[in-house]
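Student: Just the structure for this:
(one chain, ligands or ions: 1)
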Amino acid sequence: MRFASHTEKNITHYKKAPFLGVWDFVLLLALIFAATVALKYYIEPETGSVCTVYVDGEKVIETDLLTDSVTAIPGTHAVLTIKDGAAAITENDCPNKICMKTGFVGRAGGTIVCAPNKIVVKISGGGYFVTGVHK
Ligand SMILES: [Zn+2]
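Tutor: Sure thing, here's the model as predicted:
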């Protein structure tokens, strides 16, 4: 009889416990944080893998970012350099050199624009090593 009443007491205590304790709340926050980070990583690829160069709206170069290279951009005096998974215009004859000042761009969605010479360098994911999403 004593044992039974003891058990009953414990059950009552358990039922009175709040549904969310402090640590449950902390765990919940941690889960939300982890999910947010995972989602962000899933939607925004860390690095791009394809570099496309347009001159006056025409595609002149399409290359991957995995191989280091130095290429003269056709029809211009600009030079495209690919190094360590990022692309940059390293030489150009435009007056303000804004394109060169942009430096290396390696993130998918990144662009380098040279307005005077109508050069656009675009970095895209391409689905090569984009985590989660394969386009
Ligand atoms: Zn420029």
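
Student: State whether Val26 is indeed within a helix.
Tutor: Yes: under DSSP: H, G, I helix; E, B strand; the rest coil, Val26 sits within a helix.

Student: Show the model's pLDDT score for it.
Tutor: pLDDT for Val26: 91.

Student: mind checking how far it is from Ile112?
Tutor: Taking C-beta to C-beta, to the nearest Å as the criterion, Val26 is separated from Ile112 by 44 Å. Any C-beta I mention is one placed from the backbone N, CA and C, and that applies to glycine too.

Student: What of Tyr54?
Tutor: From Tyr54 across to Ile112, the span is 11 Å (C-beta to C-beta).

Student: shared neighbours of those two, which are they?
Tutor: Where contact means C-beta atoms under 8 Å, 6 or more residues apart in numbering, the residues bridging Tyr54 and Ile112 through contact with each are Ile119, Val120, Val121.

Student: Just give me the closest of those to Ile82.
Tutor: Checking those against Ile82 with C-beta to C-beta, the nearest one is Val121 at 10.1 Å.

Student: Tell me the residues of the protein that contact the ion?
Tutor: Within the chain, the residues that sit near the ion (C-beta under 5 Å from the ion) are Asn92, Cys94, Cys99, Cys114.

Student: Tabulate those in TSV, adding columns for neighbour count, secondary structure and pLDDT.
Tutor: Listed next are these as TSV, based on neighbours: other C-beta atoms under 10 Å; DSSP: H, G, I helix; E, B strand; the rest coil; pLDDT from 0 to 100:
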residue	neighbour count	secondary structure	pLDDT
Asn92	21	coil	97
Cys94	18	coil	97
Cys99	22	helix	97
Cys114	23	strand	97
